[in-house]
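K.L.:
what's the 3D shape of this:
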Amino acid sequence: MSGKVWFITGASRGFGRIWAEAALKRGDKVAATARNLADVADLAESYGEAVLPLALDVTDAVAVQNVVTRAFTHFGRFDVVLNNAGYALVGAIEEAHEADVRAEFDTNVFGTLRVIQPALPLLRRQGSGHIIGVSSVAGIVAGPITGFYNASKFALEAIHESLAQEVKSFGLKVTMLEPGAYATGFASMSSLKITPVIAAYGNTRAEVFAAGAKLGFGDPQATADAILKIVDAENPPLRFFVGTEGLPRARAAYADRLATWEAWEALSNAAQGEARQHNIAS
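P.N.:
A predicted model of the protein is given here:
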């Protein structure tokens, strides 16, 4: 079903750009946002009034509120609110400065939240809408040197999982997209924040980078049809692996987690003590 209205953050390049153009090509309308207006202004040259290019820094709470309101007023509704803006902080847990960690969360987590919160009353009033967050396979399984990026995506997973339960009765849908490695430019050095190296972690960092260089990066253009099908689905999934990387890694990770939990189950049960009911204050 076409004719949808999208609000997309991070639409200047990569997935955001590809999905915005896929929506526009089939006749949908898109509020395409990016930090720099010039990076999305050219969409209007190709798609005319079907696209509303807007400058948006998701770390600016007032700007987000204003832009969400402006886009909704312009098109009269939102069918899809897609949060794609984000970046990766790369470094060992000991290596990163707190300011850098806060900056990543300010974009990846709070930037997403800043869009969702003003959009929700609008979607609730219209009784429909699909909130989509771009998570990652990194939101399912953590690895060395990317722990803070993993943490930001784990946070997104929890927020969207909770949100889905909170808004289901309003007729709203929630989906997390979990891509693996794609040739979007996201993994290029210009798109990453790299921490200074502590010598003790040098070998670990080198191993991670070497493994990354051997990955088979997916074709980002191949994702467009899948995303449109997710958006059009009557009952879309809460989580959707984009590409082939996610499910095998999740299977292995959860098999290991279950084996560990089960191996320690007796001690876990002993730690319960005598169960009793407790009234939670309202």
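
K.L.:
now the helices for the stretch 1-150 of the chain?
P.N.:
For the stretch 1-150 of the chain, applying DSSP state H, counting those that start in this stretch gives helices covering 14-25, 38-47, 61-75, 98-108, 110-126, 147-167.

K.L.:
format those as CSV; extra columns: distance to residue 272 and mean pLDDT.
P.N.:
No exception for glycine: its C-beta is placed from N, CA and C like everyone else's. Compiled in CSV, those are given as follows (distance: least, Cβ to Cβ, whole Å; pLDDT from 0 to 100):
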stretch, distance to residue 272, mean pLDDT
helix 14-25, 44, 96
helix 38-47, 54, 95
helix 61-75, 42, 98
helix 98-108, 34, 97
helix 110-126, 34, 98
helix 147-167, 24, 98
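
K.L.:
just say which of these is most tucked in.
P.N.:
Counting by mean count of other Cβ atoms under 10 Å, helix 14-25 has the highest mean neighbour count of the helices of the stretch 1-150 of the chain, with a mean of 22.

K.L.:
list every C-alpha atom in it, with coordinates, as PDB.
P.N.:
What follows is helix 14-25 as a C-alpha-only set of coordinates in PDB (Å, rounded to 0.1, in the frame of the first residue of the first chain):
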ATOM      1  CA  GLY A  14      23.200   5.500   3.700                       C
ATOM      2  CA  PHE A  15      20.100   3.600   4.700                       C
ATOM      3  CA  GLY A  16      18.100   6.800   5.400                       C
ATOM      4  CA  ARG A  17      18.700   8.100   1.900                       C
ATOM      5  CA  ILE A  18      18.000   4.800   0.300                       C
ATOM      6  CA  TRP A  19      14.800   4.200   2.100                       C
ATOM      7  CA  ALA A  20      13.600   7.800   1.600                       C
ATOM      8  CA  GLU A  21      14.100   7.500  -2.100                       C
ATOM      9  CA  ALA A  22      12.500   4.100  -2.200                       C
ATOM     10  CA  ALA A  23       9.400   5.600  -0.500                       C
ATOM     11  CA  LEU A  24       9.300   8.600  -2.900                       C
ATOM     12  CA  LYS A  25       9.800   6.500  -6.000                       C
END
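
K.L.:
on contacts alone, who are the packing partners of that helix?
P.N.:
If contacts are counted by 3 or more Cβ pairs under 8 Å, 6 or more residues apart in numbering; DSSP states H and E, helix 14-25 sits against strand 5-8, strand 29-34, helix 38-47, strand 80-83, helix 224-232.

K.L.:
could those be laid out in a markdown table, adding distance to residue 54?
P.N.:
A markdown table is the format used below for the helices and strands packed on helix 14-25 (distance: least, Cβ to Cβ, whole Å):
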| stretch | distance to residue 54 |
| --- | --- |
| strand 5-8 | 9 |
| strand 29-34 | 5 |
| helix 38-47 | 7 |
| strand 80-83 | 14 |
| helix 224-232 | 20 |
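
K.L.:
picking up where we left off before, could I get the helices of the stretch 1-150 of the chain as a markdown table with distance to residue 141?
P.N.:
Below are these laid out as a markdown table (distance: least, Cβ to Cβ, whole Å):
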| stretch | distance to residue 141 |
| --- | --- |
| helix 14-25 | 20 |
| helix 38-47 | 32 |
| helix 61-75 | 30 |
| helix 98-108 | 17 |
| helix 110-126 | 20 |
| helix 147-167 | 8 |
